[in-house]
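**Student:** Sequence and computational prediction follow.
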Amino acid sequence: MQPTFVLVHGAFANSFSFAPLQAELGLLGHRSVAVDLPGHGFQATFIRAYQSPQDPEGLATAPGSIKGVTLADNAAHLIGILERAKQNGPVILVAHSRGGITATVAANARPDLIDRIVYVSAWCPVDLDVNDYYAEPEMTTVDPAAFAPALAGNPADLGLLRVNFRTANPDSLAALKGAFFADGTDEQFLTFLNTFQPDENLDAGSSADRAQAATWGRVPKTYIRLAADTSLPLALQDRLIREGDELTPHNPYDVRTLEGSHLRWLVDPAPAARLLGELATLPGPSAPA
(Lines give C-alpha, C1' and ligand atoms only; values in the text may rest on other atoms or scores of the structure.)
Protein backbone atom coordinates (compact mmCIF):
# COMPACT_ATOMS: atom_id res chain seq x y z
CA MET A 1 0.00 0.00 0.00
CA GLN A 2 1.08 3.57 -0.60
CA PRO A 3 2.57 5.12 2.55
CA THR A 4 1.72 8.52 3.95
CA PHE A 5 4.66 10.75 4.80
CA VAL A 6 3.91 12.68 8.01
CA LEU A 7 6.21 15.70 8.19
CA VAL A 8 7.13 17.32 11.53
CA HIS A 9 8.76 20.76 11.59
CA GLY A 10 11.50 22.11 13.81
CA ALA A 11 11.69 25.05 16.21
CA PHE A 12 9.98 28.32 15.21
CA ALA A 13 8.80 26.62 12.01
CA ASN A 14 5.43 25.27 10.88
CA SER A 15 3.75 23.23 8.17
CA PHE A 16 4.34 26.04 5.66
CA SER A 17 8.03 25.09 5.59
CA PHE A 18 7.17 21.84 3.85
CA ALA A 19 5.12 23.24 0.93
CA PRO A 20 7.90 22.92 -1.70
CA LEU A 21 8.81 19.42 -0.47
CA GLN A 22 5.17 18.34 -0.55
CA ALA A 23 4.87 19.60 -4.11
CA GLU A 24 7.86 17.47 -5.16
CA LEU A 25 6.54 14.42 -3.27
CA GLY A 26 3.14 14.85 -4.91
CA LEU A 27 4.67 15.06 -8.37
CA LEU A 28 6.47 11.79 -7.64
CA GLY A 29 3.14 10.21 -6.68
CA HIS A 30 3.54 10.26 -2.91
CA ARG A 31 0.99 11.26 -0.27
CA SER A 32 2.09 13.56 2.54
CA VAL A 33 0.73 15.44 5.54
CA ALA A 34 2.55 18.42 7.10
CA VAL A 35 1.93 18.85 10.82
CA ASP A 36 1.52 22.06 12.79
CA LEU A 37 2.48 21.29 16.38
CA PRO A 38 0.46 23.11 19.09
CA GLY A 39 1.04 26.86 19.00
CA HIS A 40 2.37 26.75 15.44
CA GLY A 41 0.98 27.66 12.04
CA PHE A 42 -2.32 29.51 12.35
CA GLN A 43 -2.26 28.87 16.11
CA ALA A 44 0.89 31.00 16.45
CA THR A 45 0.94 34.44 18.02
CA PHE A 46 2.18 37.29 15.84
CA ILE A 47 1.81 40.16 18.26
CA ARG A 48 1.28 43.72 17.02
CA ALA A 49 4.64 44.73 18.51
CA TYR A 50 6.30 42.36 16.00
CA GLN A 51 4.95 44.40 13.09
CA SER A 52 6.70 47.43 11.64
CA PRO A 53 7.51 49.80 13.20
CA GLN A 54 8.42 47.36 15.93
CA ASP A 55 7.81 48.06 19.59
CA PRO A 56 10.77 46.54 21.48
CA GLU A 57 9.14 46.88 24.89
CA GLY A 58 5.91 45.26 23.73
CA LEU A 59 7.85 42.55 21.95
CA ALA A 60 9.66 41.73 25.17
CA THR A 61 6.55 41.54 27.33
CA ALA A 62 3.44 40.62 25.32
CA PRO A 63 2.08 37.14 26.07
CA GLY A 64 2.18 34.35 23.49
CA SER A 65 -0.19 31.44 22.93
CA ILE A 66 2.59 28.86 23.04
CA LYS A 67 3.30 29.55 26.72
CA GLY A 68 2.67 26.37 28.71
CA VAL A 69 2.75 24.06 25.69
CA THR A 70 4.74 20.97 26.62
CA LEU A 71 6.54 18.22 24.77
CA ALA A 72 3.77 15.90 25.94
CA ASP A 73 1.24 18.18 24.23
CA ASN A 74 3.26 18.03 21.01
CA ALA A 75 3.50 14.24 21.16
CA ALA A 76 -0.21 13.79 21.89
CA HIS A 77 -1.09 16.00 18.92
CA LEU A 78 1.26 14.09 16.64
CA ILE A 79 -0.07 10.72 17.82
CA GLY A 80 -3.59 11.84 16.94
CA ILE A 81 -2.45 12.61 13.40
CA LEU A 82 -0.56 9.32 13.15
CA GLU A 83 -3.69 7.43 14.21
CA ARG A 84 -5.67 9.03 11.41
CA ALA A 85 -2.92 8.53 8.83
CA LYS A 86 -2.48 4.88 9.79
CA GLN A 87 -6.08 4.19 8.77
CA ASN A 88 -4.98 4.76 5.17
CA GLY A 89 -1.97 2.43 5.20
CA PRO A 90 1.72 2.57 6.15
CA VAL A 91 3.10 5.71 7.78
CA ILE A 92 6.58 7.16 7.36
CA LEU A 93 7.24 9.77 10.04
CA VAL A 94 9.75 12.44 8.94
CA ALA A 95 11.11 14.89 11.52
CA HIS A 96 13.44 17.83 11.09
CA SER A 97 15.62 19.47 13.73
CA ARG A 98 13.77 19.96 17.05
CA GLY A 99 10.83 18.04 15.62
CA GLY A 100 12.87 14.90 16.19
CA ILE A 101 12.26 15.21 19.94
CA THR A 102 8.49 15.04 19.41
CA ALA A 103 8.83 12.20 16.91
CA THR A 104 10.94 10.21 19.38
CA VAL A 105 8.39 10.61 22.17
CA ALA A 106 5.61 9.54 19.80
CA ALA A 107 7.61 6.46 18.76
CA ASN A 108 8.28 5.63 22.42
CA ALA A 109 4.54 5.67 23.09
CA ARG A 110 3.03 4.27 19.88
CA PRO A 111 5.51 2.37 17.73
CA ASP A 112 2.55 0.52 16.19
CA LEU A 113 1.57 3.68 14.31
CA ILE A 114 4.93 4.17 12.55
CA ASP A 115 6.31 1.98 9.77
CA ARG A 116 9.54 3.99 9.47
CA ILE A 117 10.86 7.03 11.31
CA VAL A 118 13.15 9.40 9.43
CA TYR A 119 15.31 12.00 11.17
CA VAL A 120 16.57 14.80 8.91
CA SER A 121 19.39 16.40 10.89
CA ALA A 122 17.05 16.01 13.84
CA TRP A 123 17.35 15.48 17.56
CA CYS A 124 16.97 11.93 18.82
CA PRO A 125 18.43 11.96 22.34
CA VAL A 126 19.70 8.64 23.67
CA ASP A 127 22.48 9.09 26.24
CA LEU A 128 21.79 12.69 27.33
CA ASP A 129 18.98 15.20 27.52
CA VAL A 130 18.88 17.56 24.55
CA ASN A 131 20.15 20.61 26.44
CA ASP A 132 23.09 18.63 27.84
CA TYR A 133 24.43 17.83 24.36
CA TYR A 134 25.25 21.53 23.95
CA ALA A 135 28.09 21.10 26.45
CA GLU A 136 29.59 18.20 24.50
CA PRO A 137 32.61 18.41 22.15
CA GLU A 138 30.45 17.83 19.07
CA MET A 139 28.71 21.16 19.67
CA THR A 140 31.76 23.35 20.29
CA THR A 141 31.37 24.99 16.87
CA VAL A 142 27.90 26.26 17.83
CA ASP A 143 27.89 29.59 19.67
CA PRO A 144 24.50 30.17 21.33
CA ALA A 145 25.60 33.70 22.28
CA ALA A 146 25.60 34.64 18.59
CA PHE A 147 21.81 34.62 18.64
CA ALA A 148 21.46 36.70 21.81
CA PRO A 149 20.93 40.03 19.98
CA ALA A 150 17.87 38.56 18.22
CA LEU A 151 16.33 37.24 21.45
CA ALA A 152 13.28 39.32 22.44
CA GLY A 153 12.44 39.23 26.12
CA ASN A 154 13.44 37.01 29.01
CA PRO A 155 12.27 33.40 28.44
CA ALA A 156 11.74 32.94 32.19
CA ASP A 157 9.41 35.94 32.30
CA LEU A 158 7.58 35.17 29.05
CA GLY A 159 7.35 31.42 29.62
CA LEU A 160 8.50 30.88 26.04
CA LEU A 161 11.37 31.55 23.65
CA ARG A 162 10.87 34.65 21.49
CA VAL A 163 13.20 35.59 18.65
CA ASN A 164 12.87 38.71 16.55
CA PHE A 165 13.27 37.24 13.07
CA ARG A 166 12.23 40.60 11.60
CA THR A 167 15.27 42.33 13.05
CA ALA A 168 17.32 44.61 10.80
CA ASN A 169 20.43 44.13 12.95
CA PRO A 170 23.12 43.01 10.48
CA ASP A 171 25.01 41.00 13.10
CA SER A 172 21.86 39.08 14.09
CA LEU A 173 20.96 38.39 10.47
CA ALA A 174 24.49 37.22 9.70
CA ALA A 175 24.45 34.86 12.70
CA LEU A 176 21.08 33.40 11.73
CA LYS A 177 22.10 32.93 8.09
CA GLY A 178 25.39 31.33 9.09
CA ALA A 179 23.63 28.87 11.38
CA PHE A 180 20.75 27.85 9.17
CA PHE A 181 21.30 28.73 5.53
CA ALA A 182 24.88 29.72 4.79
CA ASP A 183 24.65 28.17 1.32
CA GLY A 184 21.58 30.19 0.32
CA THR A 185 21.34 33.62 -1.23
CA ASP A 186 20.42 36.56 0.95
CA GLU A 187 17.05 36.69 -0.80
CA GLN A 188 16.34 32.99 -0.15
CA PHE A 189 17.40 33.39 3.47
CA LEU A 190 15.13 36.38 4.11
CA THR A 191 12.23 34.65 2.39
CA PHE A 192 12.60 31.59 4.60
CA LEU A 193 13.08 33.74 7.68
CA ASN A 194 9.69 35.30 7.04
CA THR A 195 8.03 31.88 7.28
CA PHE A 196 9.30 31.53 10.86
CA GLN A 197 7.15 32.47 13.83
CA PRO A 198 8.70 34.41 16.73
CA ASP A 199 7.64 32.12 19.60
CA GLU A 200 8.65 28.58 20.58
CA ASN A 201 7.88 26.54 23.68
CA LEU A 202 10.51 25.90 26.34
CA ASP A 203 10.06 22.15 26.92
CA ALA A 204 12.83 20.18 25.20
CA GLY A 205 12.20 17.04 27.24
CA SER A 206 13.89 15.13 30.05
CA SER A 207 15.56 11.76 30.51
CA ALA A 208 12.11 10.13 30.31
CA ASP A 209 11.81 11.39 26.73
CA ARG A 210 14.97 9.79 25.36
CA ALA A 211 14.69 6.96 22.83
CA GLN A 212 13.57 3.71 24.44
CA ALA A 213 14.83 0.40 23.10
CA ALA A 214 11.66 -1.56 23.84
CA THR A 215 9.36 0.71 21.81
CA TRP A 216 11.21 3.28 19.70
CA GLY A 217 13.75 0.53 19.01
CA ARG A 218 11.14 -1.57 17.20
CA VAL A 219 10.59 1.03 14.48
CA PRO A 220 12.72 0.89 11.30
CA LYS A 221 14.69 4.12 11.22
CA THR A 222 16.64 6.28 8.82
CA TYR A 223 18.91 9.21 9.58
CA ILE A 224 19.45 11.73 6.79
CA ARG A 225 22.63 13.65 7.51
CA LEU A 226 22.84 17.24 6.23
CA ALA A 227 26.49 17.54 5.34
CA ALA A 228 26.88 21.32 5.70
CA ASP A 229 24.61 21.85 8.71
CA THR A 230 26.23 24.23 11.20
CA SER A 231 23.35 24.47 13.71
CA LEU A 232 23.28 20.69 14.27
CA PRO A 233 26.85 19.86 13.25
CA LEU A 234 27.67 16.69 11.37
CA ALA A 235 29.70 15.45 14.35
CA LEU A 236 26.62 15.66 16.56
CA GLN A 237 24.42 14.03 13.92
CA ASP A 238 26.90 11.15 13.73
CA ARG A 239 26.97 10.85 17.51
CA LEU A 240 23.17 10.56 17.63
CA ILE A 241 23.33 7.87 14.97
CA ARG A 242 26.03 5.99 16.89
CA GLU A 243 24.11 6.18 20.16
CA GLY A 244 20.93 4.95 18.49
CA ASP A 245 22.75 2.02 16.91
CA GLU A 246 24.29 1.09 20.27
CA LEU A 247 20.84 1.18 21.87
CA THR A 248 19.30 -1.11 19.23
CA PRO A 249 22.09 -3.00 17.44
CA HIS A 250 19.51 -5.32 15.86
CA ASN A 251 17.85 -2.29 14.25
CA PRO A 252 20.56 0.19 13.18
CA TYR A 253 19.91 3.40 11.32
CA ASP A 254 19.76 3.34 7.56
CA VAL A 255 22.06 6.34 7.02
CA ARG A 256 21.82 8.69 4.05
CA THR A 257 23.42 12.05 3.33
CA LEU A 258 22.21 15.17 1.55
CA GLU A 259 24.51 18.03 0.72
CA GLY A 260 23.65 21.42 2.11
CA SER A 261 22.76 23.40 5.21
CA HIS A 262 20.00 23.03 7.80
CA LEU A 263 17.40 24.59 5.48
CA ARG A 264 18.74 23.85 1.98
CA TRP A 265 16.78 20.58 1.64
CA LEU A 266 13.51 22.49 2.15
CA VAL A 267 14.32 25.28 -0.32
CA ASP A 268 15.69 22.90 -2.98
CA PRO A 269 13.59 19.83 -2.16
CA ALA A 270 13.90 17.62 -5.25
CA PRO A 271 16.85 15.53 -3.94
CA ALA A 272 15.13 15.03 -0.58
CA ALA A 273 11.85 14.04 -2.24
CA ARG A 274 13.62 11.43 -4.36
CA LEU A 275 15.42 10.07 -1.31
CA LEU A 276 12.21 9.86 0.72
CA GLY A 277 10.56 8.04 -2.16
CA GLU A 278 13.32 5.44 -2.03
CA LEU A 279 12.71 4.90 1.68
CA ALA A 280 9.12 3.89 1.02
CA THR A 281 10.40 0.63 -0.47
CA LEU A 282 12.81 -0.34 2.31
CA PRO A 283 12.10 -3.46 4.42
CA GLY A 284 11.77 -3.38 8.20
CA PRO A 285 14.44 -4.47 10.69
CA SER A 286 15.35 -8.05 11.50
CA ALA A 287 14.11 -9.44 14.78
CA PRO A 288 16.52 -9.22 17.75
CA ALA A 289 18.54 -12.31 18.52
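**Tutor:** Received it, and whenever you're ready, just let me know what you need.
**Student:** what pLDDT does Ala208 get?
**Tutor:** At Ala208, the model reports a pLDDT of 96.
**Student:** cool, and Ala287?
**Tutor:** 49.
**Student:** Next, count neighbours for the nearest residue to Val69 once chain neighbours are set aside.
**Tutor:** Among residues not flanking Val69 along the chain, Asn201 sits closest, at 4.3 Å (Cβ to Cβ, 6 or more residues apart in numbering). The C-beta positions use only the backbone N, C-alpha and C, and glycine is treated the same way. Residues lying near Asn201 (other Cβ atoms under 10 Å) number 23.
**Student:** Figure out how far the strand or helix carrying Leu240 is from the centre of its chain.
**Tutor:** According to DSSP states H and E, Leu240 maps onto helix 234-247. From the chain centre to the centre of helix 234-247 is a distance of 17 Å (Cα atoms, centre = their mean, to the nearest Å).
**Student:** One more: stretch 245-256?
**Tutor:** 20 Å.
**Student:** buried ones in it?
**Tutor:** Across stretch 245-256, burial judged by 16 or more other Cβ atoms under 10 Å covers 245, 247-248, 251-254, 256.
**Student:** what about it, how long is it end to end?
**Tutor:** 15 Å (Cα to Cα, to the nearest Å).
**Student:** cool, and stretch 63-80?
**Tutor:** Note: stretch 63-80 ends 27 Å apart using Cα to Cα.
**Student:** Would you state the strands of the stretch 101-250 of the chain in chain order?
**Tutor:** Assigned by DSSP state E, counting those that start in this stretch, the strands in the stretch 101-250 of the chain fall at 116-120, 161-162, 199-200, 221-226.
**Student:** Throw those into CSV and include distance to Arg98, mean neighbour count and mean pLDDT, thanks.
**Tutor:** Formatted as CSV, the strands of the stretch 101-250 of the chain follow (distance: least, Cβ to Cβ, whole Å; neighbours: other Cβ atoms under 10 Å; pLDDT from 0 to 100):
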stretch, distance to Arg98, mean neighbour count, mean pLDDT
strand 116-120, 11, 27, 98
strand 161-162, 11, 22, 96
strand 199-200, 8, 26, 97
strand 221-226, 14, 23, 98
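**Student:** With distance to Leu240 added, can I get those strands in JSON lines?
**Tutor:** Compiled in JSON lines, these are given as follows (distance: least, Cβ to Cβ, whole Å):
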{"stretch": "strand 116-120", "distance to Leu240": "8"}
{"stretch": "strand 161-162", "distance to Leu240": "22"}
{"stretch": "strand 199-200", "distance to Leu240": "21"}
{"stretch": "strand 221-226", "distance to Leu240": "7"}
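**Student:** ok, residues contacting stretch 229-238?
**Tutor:** With contact meaning Cβ atoms under 8 Å, 6 or more residues apart in numbering, stretch 229-238 is reached by 97, 121-123, 133, 136-139, 141-142, 178-180, 182, 223, 225-227, 260-262.
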